[in-house]
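**Q** Let's see this in three dimensions:
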Amino acid sequence: MIDYFRDNLLNIKSDQADANTIHESIVSGVRLKGAPLIILFCAIIVASIGLNTNSTAVVIGAMLISPIMNPIIAMGYSIAIYDGRLLRNAGLKFSVQIMIALLGATLYFFLSPIHGATSELIARTGPSFFDMLIAFFGGAAGAIGITRKEKTNVIPGVAIATALMPPLCTVGYGIANGNPDFAFAAAYLFAINAFFIMVATFLFCKLLQLKQSDAVKAHYNKIIKRSIIIGVILITIPAAVSAVYVGTLTLQQNALTSQVEEFIANEVNTDTTIVMQANVYKDEKRIRLDLIGKTYPPQKIAEIENTMIDYGLGDYNLEVVQNIETSLFAYFENINTPGTVKNQIKIQ
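**A** Numbering: from 1, shown residues only. Model prediction:
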């Protein structure tokens with residue numbers, strides 16, 4: 001059974017192209033003059049416009065046409081086969097691509113009349129441990145796809161999943177607008193994606209046992225392994241710390257949201273009065289409730305506040321906002337429509 005899975009279902013060598021074809025395909029992707037150079041610049045501008053106008057479709061389009069992933073794959077492949085000349089060439093072209101991208105994106109965002117940070121830009125400033133997993137498995141899929149006899153849509157899919165161009169353009173936004181937080185966070189995300197694509201390509205090229213140079217294999221094998229291990233550690237630690245912090249913060253917020261929801265459902269909401277919105281101010285230790293429906297007298301509000309300790313909210317102060325003119329209208333307008341009035345809890 002194990003042999004069947006290994007030799008049939010999980011056999012990635014059955015449709016593998018020959019070594020010379022793979023080599024030529026990867027080397028040709030490193031070329032950076034003429035059409036590839038113009039395409040790169042077009043992708044930079046398209047990605048910048050998409051980020052600037054908050055258009056997901058445009059950002060995806062820029063990722064599809066960008067050739068920036070080619071030298072990363074070439075670097076991983078060159079390390080696997082111990083081709084120092086290809087490694088230098090790919091590294092140089094990759095560095096040039098980064099400089100062109102930063103220059104183009106910075107210039108665009110400097111001249112753009114829209115300077116606000118859109119959600120597309122903000123999304124590229126929160127690198128995490130999951131980005132490493134996406135980059136690694138995306139790079140693995142790319143390495144397998146590029147070594148097939150028949151080319152598929154794997155590479156475009158990897159280009160979208162690993163998202164190299166958007167964070168690089170976000171660095172340009174940070175530079176143009178004097179926002180180092182954006183620039184450094186996006187640069188780190190770009191480094192994560194590029195590095196783990198390269199590592200995945202290296203590992204799968206090793207697994208596929210592509211042609212290697214025996215003359216230098218023994219000399220560089222330990223150096224390469226140590227360099228990759230050190231690189232993984234250096235890049236992983238900040239992302240892991242960030243993931244733990246974000247995860248802890250999310251758990252705390254979810255717990256607080258549940259406490260407030262239970263408090264509102266049991267102590268505040270009635271058949272005639274409903275919480276329209278709840279705002280939780282963690283730093284001020286204050287909860288504001290906007291009510292619609294029948295107005296609560298001060299003594300009732302005091303009773304409600306006294307019950308907060310039963311829900312783990314004893315260190316919070318309660319602020320109740322009731323507007324008779326608008327609340328009664330809204331209440332009677334929606335009283336017979338189930339689900340129209342819904343609690344909205346915002347933690348700030």
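**Q** tell me which element His59 falls in.
**A** Not His; residue 59 is Val. Assigned by DSSP states H and E, Val59 belongs to helix 56-65.
**Q** Just list what that helix packs against, helices and strands only.
**A** helix 35-52, helix 154-162, helix 165-176 (3 or more C-beta pairs under 8 Å, 6 or more residues apart in numbering; DSSP states H and E). Every residue, glycine included, has its C-beta placed from N, CA and C.
**Q** Quick check: next helix or strand after the last one?
**A** By that I understand helix 165-176. According to DSSP H and E, the helix or strand after helix 165-176 is helix 180-207.
**Q** What residues of that next one count as buried?
**A** Going by neighbour count (16 or more other C-beta atoms under 10 Å), the buried part of helix 180-207 is 182-183, 185-206.
**Q** And stretch 74-85, by the same measure?
**A** Using 16+ other C-beta under 10 Å as the test for burial, stretch 74-85 gives Ala74, Met75, Gly76, Tyr77, Ser78, Ile79, Ala80, Ile81, Tyr82, Asp83.
**Q** The first one and Ile26 touch, don't they?
**A** Yes. Taking C-beta atoms under 8 Å as the definition, Ala74 is a contact partner of Ile26 at 5.2 Å.
**Q** Please report the distance of Gly145 from Ala185.
**A** To Ala185, Gly145 is 30 Å away according to C-beta to C-beta, to the nearest Å.
**Q** For Tyr188, report the pLDDT, please.
**A** Looking at Tyr188, its pLDDT stands at 87.
**Q** for it, what are its contacts?
**A** Neighbour list for Tyr188: Pro127, Pro238 [criterion: C-beta atoms under 8 Å, 6 or more residues apart in numbering].
**Q** and it, how far is that from Pro166?
**A** 14 Å.
**Q** for Thr53, same thing?
**A** Counting by C-beta to C-beta, the gap from Thr53 to Pro166 is 13 Å.
**Q** who has more neighbours, the two?
**A** Pro166 (25 against 13; other C-beta atoms under 10 Å).
**Q** Can you tell me how far Val244 is from Val320?
**A** From Val244 across to Val320, the span is 37 Å (C-beta to C-beta).
**Q** Between those two, which is the more surrounded one?
**A** Val320 (18 against 12).
**Q** Check the offset of whichever strand or helix holds the more buried one from the chain's centre.
**A** In this structure, Val320 sits in strand 317-322 according to DSSP H and E. Between the centre of strand 317-322 and the centre of its host chain there is 38 Å, according to C-alpha atoms, centre = their mean, to the nearest Å.
**Q** do the same with stretch 309-319
**A** 36 Å.
**Q** Regarding it, how distant is the last residue from the first?
**A** The straight-line separation of the ends of stretch 309-319 (C-alpha to C-alpha, to the nearest Å) is 15 Å.
**Q** Likewise for stretch 47-67?
**A** Using C-alpha to C-alpha, the end-to-end distance of stretch 47-67 comes to 13 Å.
**Q** Then stretch 61-70?
**A** Using C-alpha to C-alpha, the two ends of stretch 61-70 sit 17 Å apart.
**Q** circling back: can you say which two of the buried residues of stretch 74-85 are spatially most distant?
**A** Maximum pairwise distance among these (C-beta to C-beta): 13.7 Å, between Ala74 and Tyr82.
**Q** and which of the buried residues of stretch 74-85 is nearest to Ile292?
**A** Gly76 (59.5 Å).
**Q** Could you check the angle the strand or helix carrying that closest one makes with helix 35-52?
**A** Here Gly76, judged by DSSP H and E, is contained in helix 70-81. Going by axes from the mean of the first three to the mean of the last three C-alpha atoms, to 10 degrees, helix 70-81 is angled at 120 degrees with respect to helix 35-52.
**Q** quick one, helix 70-81 and helix 180-207 angle?
**A** Using the same axes, to 10 degrees: helix 70-81 against helix 180-207 is 40 degrees.
**Q** quick one, domains of this protein?
**A** 2-212, 266-347 (automatic domain parsing).
**Q** Which of those domains sits closest to Ser258?
**A** Proximity to Ser258 (C-beta to C-beta) singles out domain 266-347 among the domains of the chain, at 9.3 Å.
**Q** could you give me the average pLDDT of the longest helix seen in the chain?
**A** Counting by DSSP state H, the longest helix found in the chain is helix 214-263. If you average the pLDDT over helix 214-263, you get 74.
**Q** and that helix, how far out from the chain's middle?
**A** With C-alpha atoms, centre = their mean as the basis, helix 214-263 stands 14 Å off its chain's centre.
**Q** Same check on stretch 66-85?
**A** 24 Å.
**Q** do stretch 273-286 as well
**A** 30 Å.
**Q** Export it to PDB, keeping only CA atoms.
**A** The C-alpha coordinates for stretch 273-286 follow below in PDB (Å, rounded to 0.1, in the frame of the first residue of the first chain):
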ATOM      1  CA  THR A 273     -35.600  48.200  25.300                       C
ATOM      2  CA  ILE A 274     -32.800  47.000  23.100                       C
ATOM      3  CA  VAL A 275     -29.100  47.900  22.800                       C
ATOM      4  CA  MET A 276     -28.500  49.300  19.400                       C
ATOM      5  CA  GLN A 277     -24.700  49.600  19.800                       C
ATOM      6  CA  ALA A 278     -22.100  48.900  22.400                       C
ATOM      7  CA  ASN A 279     -18.700  50.500  22.500                       C
ATOM      8  CA  VAL A 280     -16.100  49.100  24.800                       C
ATOM      9  CA  TYR A 281     -13.200  51.500  25.600                       C
ATOM     10  CA  LYS A 282     -10.500  49.300  27.100                       C
ATOM     11  CA  ASP A 283      -8.000  52.000  28.100                       C
ATOM     12  CA  GLU A 284     -10.700  54.100  29.800                       C
ATOM     13  CA  LYS A 285     -12.400  51.100  31.300                       C
ATOM     14  CA  ARG A 286     -15.700  52.300  30.000                       C
END
